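*Asks:* Sequence plus the predicted model coming up.
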Amino acid sequence: MAVLTSRFADGLAVGTDLVETAEAAIRQALAGLSGRPDLVCFFICGDDADDVTRAGQRAMSMVSPDAHVIGCSATGVIGDAQGVELRPSVSAWAATLGDAEVTTFALETLRTEDRFVVIGLPERGPEDRVAILLADPYTFPTDAFVEHSSEVLGNLPIIGGLANALAGRDSVRLFADGETYTEGAIGVVLGGALKVSTVVSQGCRPIGPTMVVTRAEDNLLLELAGQPALARLEDIVSGLGEADRELVASGLQIGLAMDEYAERHERGDFLIRGVLGIDPEREAVAIGDVVDIGRTVRFQVRDAETADEDLYHLLDEHVNAGGRVDGALLFSCNGRGSAMFGSADHDALAVRDTLGPIGVAGFFAAGELGPVAGQNHVHGFTASILVFSS
């Protein structure tokens, strides 16, 4: 059943006939609106790329020509306060945005002699509030595009996710305003009379002290606080309890402080990146980013309890900041859901528990986009949420 609100509604349908399933999900979302839709988003999980294409085309055809619509394939979808993983399903989300400005776009990359150039991005307007981006991880340089987005978009937040498909590479499908794309990225810029905000839950807990990078080479940390990085890490791990040592063994993370001038750096103050391995000969630690000398870092661990606590904490903070929440889009990592929490519903229920019975839909992404401390990044194991308020 769709969630009825004044401006936002969602729909969810499960079934092997993807066209019928898409029809049901779109129908639910549109029926929940009290006005005409200005933006419709949908997400499709299916075994066959051709079926996904037909379902996406049918979904777009059901939306009135004066509304904008975007969507993508996925390995799982979110709607009606629940998640559905690895089964044929469609979720849909519809919004009445009033006087807001809505501009859809499709991005492609062109290769020059020494670099890639992304074309298709709308010119930044003074009233722009946020960009939603859905990208094919196999054909679009999402990391580079997002990390350098400020050069073109300034401080405009980018939120969204990397699409995927059950059949993997070459099966990803992107949809925008009647067109189907098999590569690149699509999205929408929202602006004007619109109140939006972002919540990005990276779900990690710090271990050990904060340390300054005193020697580094590319993505190798060679020295932390004047000592070999590997020795520092071994000292930290040796002081942990058995449970935290198991978390380190299952996937150690590192946090890069976003505000070097803060007096303290606690949970939520870091951009989380993975620890990729160690180099015993150089006593170095390899991480999933390039870090400058002088940057403050802190090792991190992630588990279901920490991720749960972090998401609820950030959502509660958002509620306490005031303003009625009307709707939201949720982009949750495909490593969360049942793999992390034992239930595909966790993130959807967290949003419902804290923000209320609002229209919420989204998908399980192969990477999530969202700003941390005002800078756009690509994340993993994250829940990125775009919140619409009165």
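*Replies:* Okay, I see it.

*Asks:* Put the alpha carbons of the helix or strand that residue 332 is a member of into CSV.
*Replies:* Per DSSP states H and E, residue 332 falls inside strand 325-333. Output of strand 325-333 as CSV, limited to C-alpha atoms (Å, rounded to 0.1, in the frame of the first residue of the first chain):
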residue,chain,number,x,y,z
VAL,A,325,9.5,16.1,7.2
ASP,A,326,7.3,15.1,4.3
GLY,A,327,9.3,12.7,2.2
ALA,A,328,12.7,11.1,1.6
LEU,A,329,14.8,9.2,-0.9
LEU,A,330,17.0,6.4,0.6
PHE,A,331,20.1,5.1,-1.0
SER,A,332,21.4,2.2,1.1
CYS,A,333,24.5,0.1,0.4
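
*Asks:* which residues are in contact with the longest helix seen in the chain?
*Replies:* In the chain, with assignment by DSSP state H, the single longest helix is helix 304-320. With CB atoms under 8 Å, 6 or more residues apart in numbering as the test, helix 304-320 has contacts from 197, 199-205, 267-268, 325, 336, 340-342, 346-347, 350-351, 353-355, 381, 383, 385, 387. Yep, even glycine has a C-beta here, placed from its N, CA and C like the rest.

*Asks:* among the residues you listed, which are in strands?
*Replies:* When DSSP state E defines the strands, the subset of the contacts of helix 304-320 inside them is 197, 199, 200, 201, 205, 325, 383, 385, 387.

*Asks:* from the residues you listed, which is closest to residue 215?
*Replies:* The shortest approach to residue 215 among those belongs to residue 205, at 26.7 Å (CB to CB).

*Asks:* If that closest one is in a bridge, with which residues?
*Replies:* residue 301 (DSSP bridges).

*Asks:* With residue 94 instead?
*Replies:* Bridge pairing for residue 94 - DSSP bridges - gives residue 9, residue 40.

*Asks:* What of residue 223?
*Replies:* Going by DSSP bridges, residue 223 forms beta bridges with residue 215, residue 228.

*Asks:* Tally up the residues packed near it, please.
*Replies:* By other CB atoms under 10 Å, 20 other residues sit near residue 223.

*Asks:* Out of the ones in strands among the contacts of helix 304-320, which one has the lowest pLDDT?
*Replies:* Note: of the ones in strands among the contacts of helix 304-320, the lowest pLDDT belongs to residue 205, at 89.

*Asks:* how close does it get to residue 252?
*Replies:* Counting by CB to CB, to the nearest Å, the gap from residue 205 to residue 252 is 12 Å.

*Asks:* more neighbours, those two?
*Replies:* Using other CB under 10 Å, the more surrounded residue of residue 205 and residue 252 is residue 252, with 22 against 19.
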